[in-house]
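S.K.: Got a predicted structure plus its sequence, pasted below:
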Amino acid sequence: MKRYDLQDTNTEKYFVNTMYGTYADILFILFPFLVIAMQRIWNEEGIEILKQPDLSVAAAILAGMGVGKFVLGLIGNRDLGRYKERIVFFIAVTLFFVLGPSLILIIKIVNESDVPKFVIFAQPILLVVSIALYSTSVSIGNIMTKHNGDDDTDDGDGEELKEGEAPVPLNIQSKVEQEAQKEEDLRI
């Protein structure tokens, strides 16, 4: 594996495209809730928007999609067995900090006539955390599936890392780019 080159535009393009795809997903998920919020503003409901379960529903959807992406990252490549504890940890974090509280808030808000004031603060926080975890799930799934099963202590030359040395950063490429790189390496 080659060391990361700051001039390598392929790696940069890959991460930029992944970022755009991730945030496009998030925007498509949040679009119906934006329409609902605009309707509530039109009806002059003001702060009552935050007392409705809409933000918790959006957070629960994003949390569920994040768990799905984590699971896809886990089962997408058999060589990722050594990362299973990390991925399961992120699944547990998503369930514990976002999905569970979001579902509880949805049930409580729908069943109660007087919603407590903390809901006004809790729902936006849950939504922000769910967006962050979904973004992380997409990144982790892509990074780990593109890693090709190299050891963490391997610098790509078959030599062990010495104390104080940093590992070589991941060079994430598409299959076409990897094949082109192999052909180029063979010509040299």
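M.R.: Structure's in. What do you need? Please read all numbers here as calculations on a predicted model, not as lab measurements.
S.K.: Against R187, how distant is E48?
M.R.: 67 Å (Cβ to Cβ, to the nearest Å). (Each C-beta comes from the backbone N, C-alpha and C, glycine too.)
S.K.: ok, residues contacting stretch 100-110?
M.R.: 51-53, 56-57, 59-60, 63, 115, 119, 122-123, 126, 130 (Cβ atoms under 8 Å, 6 or more residues apart in numbering).
S.K.: Can you flag which of those residues belong to helices?
M.R.: S56, V57, A59, A60, A63, V119, A122, Q123, L126, S130 (DSSP state H).
S.K.: pLDDT value on L80, please?
M.R.: pLDDT for L80: 67.
S.K.: Please read the previous query as pertaining to Y20.
M.R.: With respect to pLDDT, Y20 has a value of 89.
S.K.: next one: the one 3 residues further on
M.R.: For Y23, the model assigns a pLDDT of 91.
S.K.: Likewise for N10?
M.R.: 73.
S.K.: Contacts only, for it.
M.R.: Going by Cβ under 8 Å, 6+ apart, the list of residues near N10 reads Q173, E177.
S.K.: Next, the contact list for I29, please.
M.R.: Here I29 is in contact with A58, I61, L62, M65 (Cβ under 8 Å, 6+ apart).
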